[in-house]
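[1] next one to model:
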Amino acid sequence: EAPPQQLPPRHTDSVTTCAWLSCGQRFVTGGFDRNIYMWDIHGNELRQWKGGRINDLVVTPDGKYLVSTHGGLSEKSIVIHDLESGTEETIMETHAITSLHISRDGRHLLVNLQCQEIHLWDISDPKNRSPPSTIRAKKIMVFQFQGLQEKHGRFVIRSCFGGSDESFIVSGSEDSQVYIWHGRTGDLLHVLPGHSGTVNAVSWNPTNPHVFASASDDHTIRIWGLGPSIAGTPIVPPGILNRFALYAAKIPQYSLLNSESLHAK
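    Numbers count the residues shown, from 1 in each chain. Model (predicted):
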């Protein structure tokens, strides 16, 4: 087996984020040195973008667009790079941006902000919209956390799409809970307790729409899924996501399944 490739020392400060292109032969990296680089798997530099301090970046699944935070212009700005034409479009947000997440179809972008909000953007091409739009980037939903005392986020909190057809938005939070919204209506469906520290990241199972994981500063990774039934009667009343239960969390309103929380070593 060939040894792993070590890339040339192009970045001169912390490398904060990276993402593969859909071809699997190229990837991009961004860092605090205000540069984004595209590389091939042999470590050859293919392209470079100069600008601002990069906190996060994502690539659309079709490989056509690179979306990045752009701290040099503003901590509130996002740049959409068209990798085919070389053109760029800038989105201005309302507060400093901490993280980005792209949907599987590449149409929707989740933006986590330090003000404890998540904004959902439609970044699809205007001709693919119904009705057609003259502006490619369009904010279509704002998700707000409830009950948080800290209004200026100190941590990088990540959110993602999940469920069948990515109908739901799930996110960690600084109040140690997991939040789930309906992605089309914006309704807050569930606030799930269980962690004892900031929930930094969540990830929905790519093959099972009923299971997702959450990672926390409490040194645990928790797996959430649909609760079982006893004698054919659901433990929790049926309804959209009302049956989500934490594996191994001893919480009255959720069932205890035969699995344990994963403890980070």
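
[2] those strands in the stretch 151-265 of the chain, which residues are they?
    159-162, 168-171, 178-182, 188-192, 199-204, 212-216, 220-226, 229-230, 233-234, 244-246, 262-263 (DSSP state E, counting those that start in this stretch).

[3] the second one packs against which elements?
    With contacts defined as 3 or more CB pairs under 8 Å, 6 or more residues apart in numbering; DSSP states H and E, the secondary structure elements packing on strand 168-171 are strand 117-122, strand 159-162, strand 178-182, strand 199-204. No exception for glycine: its C-beta is placed from N, CA and C like everyone else's.

[4] what is the mean pLDDT for that strand?
    Here strand 168-171 scores 91 as its mean pLDDT.

[5] over to the first one?
    What strand 159-162 shows for mean pLDDT is 93.

[6] can you list contacts of it?
    Strand 159-162 is touched from outside by 99, 101, 103-104, 108, 110, 112, 118, 168-172, 183, 202-204, 209, 212, with contacts defined as CB atoms under 8 Å, 6 or more residues apart in numbering.

[7] likewise the third one?
    Here strand 178-182 makes contact (CB under 8 Å, 6+ apart) with 143, 145, 167-173, 187-192, 194-195, 199, 202, 214, 224, 240-241, 244.

[8] and the angle from it to strand 117-122?
    40 degrees (axes from the mean of the first three to the mean of the last three CA atoms, to 10 degrees).

[9] excluding chain neighbours, give the residue nearest to residue 26 in space.
    Leaving aside its chain neighbours, residue 26 sits nearest to residue 40 (5.4 Å; criterion: CB to CB, 6 or more residues apart in numbering).

[10] pretty sure that neighbour contacts residue 28?
    No - with contact defined as CB atoms under 8 Å, residue 40 does not count as touching residue 28 (11.2 Å).

[11] among those two, which residue is more densely surrounded?
    residue 28 (24 against 14; other CB atoms under 10 Å).
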